[in-house]
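J.: Need coordinates for the below:
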Amino acid sequence: MDNKISIPTGPILDKMMKKGNVNLKKYFGRYNIDGIELTMAYKDRLYQYKPNKEDIKWMKDLDYVSVHAPFKLVSKSNDKKDMIKQLDALDNLYNKTDAKTLVVHVHECPHEELFDKYNFNIALENMPYRNYRQEKENKILTNKIKNSKYGFCLDTSHADDWNKQEIKKLYHLLKGKLKQVHLSASIRGNHHNSLISAPVAFMKSLKPLFKTNVPLVLEVVFPSFSKKRVNQEIKFVKNLFN
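T.: Numbering: from 1, shown residues only. So this is what the prediction gives:
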């Protein structure tokens, strides 16, 4: 399969903005990646981040760019006007970087009519057990993805948080909607671990995904984001999927 490999900017972007020296090309260009996910985890980051011309050109030259909407897009919005302000900012970033996907947490997705004026390719992301703790709630959210007009972003750590069959279940139920995968290992309830150190049972649960050719966003929290360590993970994932 020809899965594009991407990594998220995560909180590294905050550190760059704090220093007043944002250069994504210099930092993330060290890695053997095909794409990047701009993680706008909260609205302050979304409003403060202004990509420079060099980074915009670099991102446009990548095979894949996705933008992650604020994690609490609905629940932390003061009102509808505040939500639209965030969507406008996301739209600006999305278009500037030629992004191909906007990722939204399924339980934080606004009403469909609010998206009507935008040209987003939306992928709703599944949520972990720790957020809901009831299978009934999980089914409601899964059905929301299934019945929506949007695509699907399968987060493997979130799925595994429910049980070892959840990745397989979600893949077979929603594979027609699958736009990208947030790929990382869940180890003893801890999310976003390296696949290199993942348990055998978790690795077996990924097997259905080996049939895909959608982008893989490596949502791994590395102890060190060294060039050697990150590229080691990328090489491992490429071998795993190809």
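J.: can you give me the strands in this protein?
T.: Ranges of strands in the chain, per DSSP state E, are 5-8, 35-39, 64-68, 101-105, 122-125, 151-155, 178-183, 185-187, 190-193, 216-218.
J.: To Asn95, which of the ones you listed lies closest?
T.: Smallest distance to Asn95 across these (C-beta to C-beta): 10.1 Å, for strand 64-68. For every residue, glycine as well, the C-beta is placed using N, CA and C.
J.: could you redo the strands of the chain as JSON lines and give each row mean pLDDT and mean neighbour count?
T.: Shown next, in JSON lines, are the strands of the chain (pLDDT from 0 to 100; neighbours: other C-beta atoms under 10 Å):
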{"stretch": "strand 5-8", "mean pLDDT": "98", "mean neighbour count": "24"}
{"stretch": "strand 35-39", "mean pLDDT": "98", "mean neighbour count": "25"}
{"stretch": "strand 64-68", "mean pLDDT": "98", "mean neighbour count": "24"}
{"stretch": "strand 101-105", "mean pLDDT": "98", "mean neighbour count": "25"}
{"stretch": "strand 122-125", "mean pLDDT": "97", "mean neighbour count": "24"}
{"stretch": "strand 151-155", "mean pLDDT": "97", "mean neighbour count": "26"}
{"stretch": "strand 178-183", "mean pLDDT": "98", "mean neighbour count": "24"}
{"stretch": "strand 185-187", "mean pLDDT": "92", "mean neighbour count": "21"}
{"stretch": "strand 190-193", "mean pLDDT": "92", "mean neighbour count": "18"}
{"stretch": "strand 216-218", "mean pLDDT": "98", "mean neighbour count": "26"}
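J.: Now tabulate those strands in a markdown table and tack on distance to Ser226.
T.: Below are the strands of the chain laid out as a markdown table (distance: least, C-beta to C-beta, whole Å):
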| stretch | distance to Ser226 |
| --- | --- |
| strand 5-8 | 13 |
| strand 35-39 | 18 |
| strand 64-68 | 23 |
| strand 101-105 | 26 |
| strand 122-125 | 28 |
| strand 151-155 | 25 |
| strand 178-183 | 20 |
| strand 185-187 | 19 |
| strand 190-193 | 17 |
| strand 216-218 | 15 |
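J.: for those, which one sits closest to Lys227?
T.: Closest among the strands of the chain, once you apply C-beta to C-beta, is strand 5-8, at 12.3 Å.
J.: Against which helices or strands is the closest one packed?
T.: strand 35-39, strand 64-68, strand 216-218, helix 227-241 (3 or more C-beta pairs under 8 Å, 6 or more residues apart in numbering; DSSP states H and E).
J.: Relative to Ile196, which of the ones you listed is closest?
T.: Closest approach to Ile196 among the helices and strands packed on strand 5-8 (C-beta to C-beta): helix 227-241, 5.3 Å.
J.: what comes up buried for the closest one?
T.: Using 16 or more other C-beta atoms under 10 Å as the test for burial, helix 227-241 gives Arg229, Val230, Glu233, Ile234, Val237, Leu240, Phe241.
J.: so which of the strands of the chain comes closest to Lys168?
T.: Of all the strands of the chain, it is strand 151-155 that lies closest to Lys168, at 10.7 Å by C-beta to C-beta.
J.: Can I get the closest one in PDB? Just the C-alpha atoms.
T.: The C-alpha trace of strand 151-155 is given here as PDB (Å, rounded to 0.1, in the frame of the first residue of the first chain):
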ATOM      1  CA  GLY A 151     -15.500  11.300   6.400                       C
ATOM      2  CA  PHE A 152     -13.800   9.400   9.200                       C
ATOM      3  CA  CYS A 153     -10.400   9.700  11.000                       C
ATOM      4  CA  LEU A 154      -9.700   6.500  12.900                       C
ATOM      5  CA  ASP A 155      -7.600   7.100  16.000                       C
END
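J.: Tell me which residue is most central in this protein.
T.: His182 (5.2 Å; C-alpha atoms, centre = their mean).
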